[in-house]
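S.K.: Got a sequence here, can you build the structure:
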Amino acid sequence: MAKRPRLEGCRVLPVIAEEYLCTIPTERLFVATITDKKLTTQIIKELTKKIPLADVNHCKRIRKAKADGQLQVLLGREADRQQFTKIMESYPQLMDLTEMEIPVQPPLTRAQFDQCNELWPVSFHEDHGIVEMMHPSFSLPELQEIEAFLLDAQACASSHPTSPCPGGAILVDGATRVIAGRAADTRDQHPLQH
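M.R.: Residues are numbered from 1 along each chain as shown. Now for the predicted structure:
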């Protein structure tokens, strides 16, 4: 019977880029309410032609307001005010000009998608590789291998017990699963060796 690793039941966390963990930044854009739903397509075509908003194309141009079910449309930024004011004059059915926080960049994770969707509806295409990386599941042999690597790192750390902050690290080649390097905190020998 295989030895049960001590890691079983522990949570192994991935080292992942900050862009997958951070809150999506926002910016303020102008929004108006469409009072006559029959003109929605015509208004959207006009806005898309004159104010394309290509840098926020992950945001849907229109949404149904949560409070009253009215349709709201993204008009543009302060720099676009002259253009969307002319459009609003052409369509008196565009009313209640307000500013809203809109996500600046597309979401990369489900958590970011949920955060963005609270502000304004966005397009989202989940990367299953990232999902798997953020929520890893390991087989028994993989857990045993991880435990062996961690024990090796602990051995590196205990080989230098005089260090003010004992710690060890190993570098493992992900393709071959072979240890490529070992190091310990030896700043007690020299300040740059940490």
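S.K.: Quick check: phi and psi on Ala169?
M.R.: phi -150, psi 150 (degrees, to the nearest 10).
S.K.: and it, how many neighbours?
M.R.: Residues within reach of Ala169, counting by other C-beta atoms under 10 Å, total 13. The way it works is simple: take the backbone N, C-alpha and C, and place the C-beta from them, glycine included.
S.K.: Find the nearest non-adjacent residue to it, please.
M.R.: Sequence neighbours aside, Ala183 is the residue nearest to Ala169 in space, at 5.2 Å (criterion: C-beta to C-beta, 6 or more residues apart in numbering).
S.K.: Check the gap between the nearest residue to Thr23 once chain neighbours are set aside and Glu147 for me.
M.R.: Leaving aside its chain neighbours, Thr23 sits nearest to Gln115 (6.4 Å; criterion: C-beta to C-beta, 6+ apart). Remark: distance between Gln115 and Glu147 (C-beta to C-beta, to the nearest Å) = 35 Å.
S.K.: still on that earlier bit, the strand or helix carrying the residue nearest to Ala169 pairs with which strands, parallel or anti?
M.R.: Element membership of Ala183, judged by DSSP states H and E, is strand 179-184. When sheet partners are counted by DSSP bridges, strand 179-184 sits next to strand 168-172 (antiparallel).
S.K.: how many other residues sit next to Asn117?
M.R.: Asn117 has 15 neighbours, counted by other C-beta under 10 Å.
S.K.: that's a helix at it, yeah?
M.R.: Yes. Assigned with DSSP: H, G, I helix; E, B strand; the rest coil, Asn117 falls within a helix.
S.K.: Gln112: what's it in contact with?
M.R.: The neighbourhood of Gln112, defined by C-beta atoms under 8 Å, 6 or more residues apart in numbering, consists of Tyr20, Thr23, Ile24.
S.K.: Phe30: helix or strand, and which one exactly?
M.R.: Phe30 is part of strand 26-34 when elements are defined by DSSP H and E.
S.K.: Compute the first-to-last residue distance for stretch 177-186.
M.R.: Length of stretch 177-186, first residue to last, C-alpha to C-alpha, to the nearest Å: 26 Å.
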